[in-house]
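# What follows is a protein structure lacking sequence information:
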């Protein structure tokens, strides 16, 4: 039996994306690689799971020495199917990505890549999401490789604090060297959306979502600051969403009930 | 012009669900009600948004004195469309639900109902998600009405601490009075999934997700404890997912880069 640590690789751009290929290749140096990833793009699916439909799992050849499955569901579905159906156990490490496009700031909530990592953390698995701030189909993922190696080596050596996973974002720094890695907090920001209205041939309106990210945070300890200043950002992400600081104030409320 | 506060009502069970009808009715006492809700069930969609498809918005008659739209997208899409297309501004309050089934503990991550409330919080709108721990199609939502009134009145009077929304869960307490409202933290727990494998007529396997929630938290200050002891739980939920406690430890890592 193979004694190498089992590493689960997933993403939200789908199993045919260049990013997951790069990530799976890098993971071969660290252990036995299993890929379970969506059979189609699942960007912005957040922590969605599939409960009103069945799921499919299709074995396929992705690359030599790697067991790979395409899954009909969301990134979180992929993690659940990998753990409870394919492995019937837990991998030593879960890596998600490499995402085409950034997952800094509030994007952590919308991102299927990061939700897969959060699901891993929920299961007690050391989990990392990697993203490159480049949406180009020919994005150069070689830039991310040293970061993937360094962060993965650290996680395998030190673990990740309980209840957290890592959100790693690498800026597109063509021609110019990355300055290094910064441990950050999630920047305060949001999306200002606007919908493009179009009219179909039947005369009915339909809407395309468009948005512009607005950074509302002037801190220099944020992920937004880091990637815009030439650093890869590493944010520890937790799944306890309690606003603990708000509990005392809410306990002053009067509930005449 | 109507000077009453504008209240946006949404959910994840869809615009035809009983829970949203109860919630919209209750909101009429507090202001002018606008409903924008999914045109079909969108449970467990988490914070998913629709970026690979267009969206539809269909005006319909839901109840007297209420403007209502069915939206083809997710609960978070509904919030975005309501703010940026229907209102072209922000409501004074956002309420989501009443959900059929609980959103305690880690379910806050999977829940479309709660993700809609989180999206409201992101936009700086006081936002509340309500859930009744009863999946029955004939669930008795009258039990939730006094809680809806009390929490809503408090939110309109006191606001919600910045960066948070409220996750309100009401136990099914037929015949027995609710003991009151408890301000809680999110319990530590997760889902142990198991997939039911079936074979289609072509001989290919498919999988249905099933799960069993596992409470791993012995605290008496959690939402799980509250609802199992006859209280409605109120958890303040934030969208800063940074595991701030982990930053110092991660800063000891060596990134030879």
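Received, thanks. Note that the structure is predicted; figures quoted are calculated from it, not measured. Numbers count the residues shown, from 1 in each chain, chains lettered A, B, ... in the order given.

# When you work out contacts or count neighbours from here on, use the C-alpha atoms and nothing else.
Noted.

# burial count for residue A:103?
27 (other C-alpha atoms under 10 Å in any protein chain shown).

# measure it to chain B for me?
Going from residue A:103 to chain B by C-alpha to the nearest C-alpha, to the nearest Å gives 13 Å.

# dump the residue contacts of that residue.
Residues near residue A:103 by C-alpha atoms under 8 Å, 6 or more residues apart in numbering or on different chains: A:111, A:114, A:131, A:167, A:169.

# Among these, which lie within helices?
Residues of those located in helices (DSSP state H): residue A:114.

# got the contacts of residue A:103 as a markdown table, with pLDDT, neighbour count and distance to residue A:212 columns?
Supplementary listing: these in a markdown table, determined by pLDDT from 0 to 100; neighbours: other C-alpha atoms under 10 Å in any protein chain shown; distance: C-alpha to C-alpha, whole Å:
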| residue | pLDDT | neighbour count | distance to residue A:212 |
| --- | --- | --- | --- |
| A:111 | 97 | 27 | 16 |
| A:114 | 98 | 35 | 20 |
| A:131 | 97 | 27 | 19 |
| A:167 | 98 | 30 | 21 |
| A:169 | 97 | 30 | 19 |
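
# wait, which of the contacts of residue A:103 is closest to chain B?
The closest of those to chain B turns out to be residue A:111 (C-alpha to the nearest C-alpha; 8.1 Å).

# mind listing the strands in the stretch 151-257 of chain A by residue range?
Assigned by DSSP state E, counting those that start in this stretch, the stretch 151-257 of chain A shows strands spanning A:164-170, A:180-183, A:189-199, A:205-215, A:231-238.

# Most widely separated two among the contacts of residue A:103?
Pairwise distances across those peak at 12.5 Å for A:111 and A:169 (criterion: C-alpha to C-alpha).

# which strands and helices sit next to the longest helix belonging to chain A?
Across chain A, the longest stretch assigned as helix under DSSP H is helix A:145-158. Identification of packing neighbours for helix A:145-158 by 3 or more C-alpha pairs under 8 Å, 6 or more residues apart in numbering or on different chains; DSSP states H and E yields helix A:18-27.

# I'd like to know which elements the helix it packs on is packed against.
strand A:6-10, strand A:32-38, strand A:93-100, helix A:145-158.

# And these: which comes nearest residue B:48?
strand A:32-38 (15.1 Å).

# Now tell me what touches the very next helix or strand once past the closest one from outside.
Downstream of strand A:32-38, the first helix or strand assigned by DSSP states H and E is strand A:57-60. If you take C-alpha under 8 Å, 6+ apart as the criterion, strand A:57-60 is touched by A:67-72, B:206.

# so where is the stretch 51-200 of chain A shaky, pLDDT-wise?
For the stretch 51-200 of chain A, the stretches with pLDDT under 70 are A:174-176.

# So which residues on it come close to chain B?
Neighbours of chain B within the stretch 51-200 of chain A, by C-alpha under 8 Å from any C-alpha of the partner chain: A:51, A:53-57, A:80-81, A:84-85, A:106, A:108-110, A:122-123, A:146-147, A:150-151, A:154, A:161, A:164, A:180-181, A:183-186, A:188, A:190, A:193-195.

# Give me the buried subset of those.
For these, a burial check counting by 16 or more other C-alpha atoms under 10 Å in any protein chain shown picks out A:51, A:54-57, A:80-81, A:84-85, A:106, A:108-110, A:122-123, A:147, A:150-151, A:154, A:161, A:164, A:181, A:183-186, A:188, A:190, A:193-195.

# quick one on the thing from earlier: now, the contacts of strand A:57-60 that are in helices?
Among the contacts of strand A:57-60, DSSP H puts none in helices.

# With neighbour count and distance to residue A:222 added, can I get those residues in JSON lines?
JSON lines is the format used below for the contacts of strand A:57-60 (neighbours: other C-alpha atoms under 10 Å in any protein chain shown; distance: C-alpha to C-alpha, whole Å):
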{"residue": "A:67", "neighbour count": "16", "distance to residue A:222": "37"}
{"residue": "A:68", "neighbour count": "23", "distance to residue A:222": "35"}
{"residue": "A:69", "neighbour count": "24", "distance to residue A:222": "36"}
{"residue": "A:70", "neighbour count": "22", "distance to residue A:222": "35"}
{"residue": "A:71", "neighbour count": "24", "distance to residue A:222": "34"}
{"residue": "A:72", "neighbour count": "22", "distance to residue A:222": "35"}
{"residue": "B:206", "neighbour count": "18", "distance to residue A:222": "43"}
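
# Closest one to residue B:62 out of the residues you listed, please.
Out of the contacts of strand A:57-60, the member with the shortest distance to residue B:62 (by C-alpha to C-alpha) is residue A:72, at 34.8 Å.

# List the contacts of stretch A:162-171.
Applying C-alpha under 8 Å, 6+ apart, the external contacts of stretch A:162-171 come out as A:102-104, A:108, A:114, A:117-118, A:120-122, A:124, A:126-134, A:144, A:160, A:223, A:227-228, A:230-240, B:243, B:246.

# The same query, at a cut-off of 6 Å, please.
For stretch A:162-171, the surrounding residues in contact (C-alpha atoms under 6 Å, 6 or more residues apart in numbering or on different chains) are A:121, A:127-133, A:227, A:232-238.

# Pull the distance from the longest helix of chain A to the chain's centre.
Taking C-alpha atoms, centre = their mean, to the nearest Å, one finds the center of helix A:145-158 at 16 Å from the center of the full chain.

# Could you do stretch A:196-209 as well?
From the chain centre to the centre of stretch A:196-209 is a distance of 32 Å (C-alpha atoms, centre = their mean).

# Helix or strand: which one has residue A:128?
Residue A:128 is located in strand A:127-132, with elements delineated by DSSP H and E.

# What is the burial count for the residue lying closest to residue A:101 once chain neighbours are set aside?
The shortest distance from residue A:101 to any non-neighbouring residue, by C-alpha to C-alpha, 6 or more residues apart in numbering or on different chains, is to residue A:133 (4.4 Å). By the criterion of other C-alpha under 10 Å, residue A:133 has 18 neighbours.

# Just put the contacts of strand A:57-60 in CSV and tack on distance to residue A:173.
Formatted as CSV, the contacts of strand A:57-60 follow (distance: C-alpha to C-alpha, whole Å):
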residue, distance to residue A:173
A:67, 32
A:68, 31
A:69, 32
A:70, 32
A:71, 33
A:72, 34
B:206, 43
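
# Pick the most deeply packed of the strands of the stretch 151-257 of chain A.
With neighbours defined as mean count of other C-alpha atoms under 10 Å in any protein chain shown, the strands of the stretch 151-257 of chain A peak in mean count at strand A:164-170, which reaches a mean of 31.

# ok, back up a step: hmm, residue A:99 and the residue nearest to residue A:101 touching each other?
No. Contact between residue A:133 and residue A:99 fails when scored by C-alpha atoms under 6 Å: they sit 8.2 Å apart.

# Dig out what the residue lying closest to residue A:39 once chain neighbours are set aside forms beta bridges with.
Leaving out its chain neighbours, the residue that sits closest to residue A:39 by C-alpha to C-alpha, 6+ apart is residue A:70, at 4.8 Å. Going by DSSP bridges, residue A:70 is paired in beta bridges with residue A:37, residue A:58.

# how close does residue A:37 sit to residue A:56?
Shown here: residue A:37 relative to residue A:56, a distance of 11 Å by C-alpha to C-alpha, to the nearest Å.

# cool, and residue A:82?
Distance from residue A:82 to residue A:56, by C-alpha to C-alpha: 12 Å.

# for residue A:163, same thing?
30 Å.

# could you give the angle of the longest helix of chain A to strand A:231-238?
If you take axes from the mean of the first three to the mean of the last three C-alpha atoms, to 10 degrees, helix A:145-158 sits at 40 degrees to strand A:231-238.

# contact partners of stretch A:191-209?
Residues outside stretch A:191-209 that contact it (C-alpha under 6 Å, 6+ apart) are A:210-214, B:54-56, B:84.
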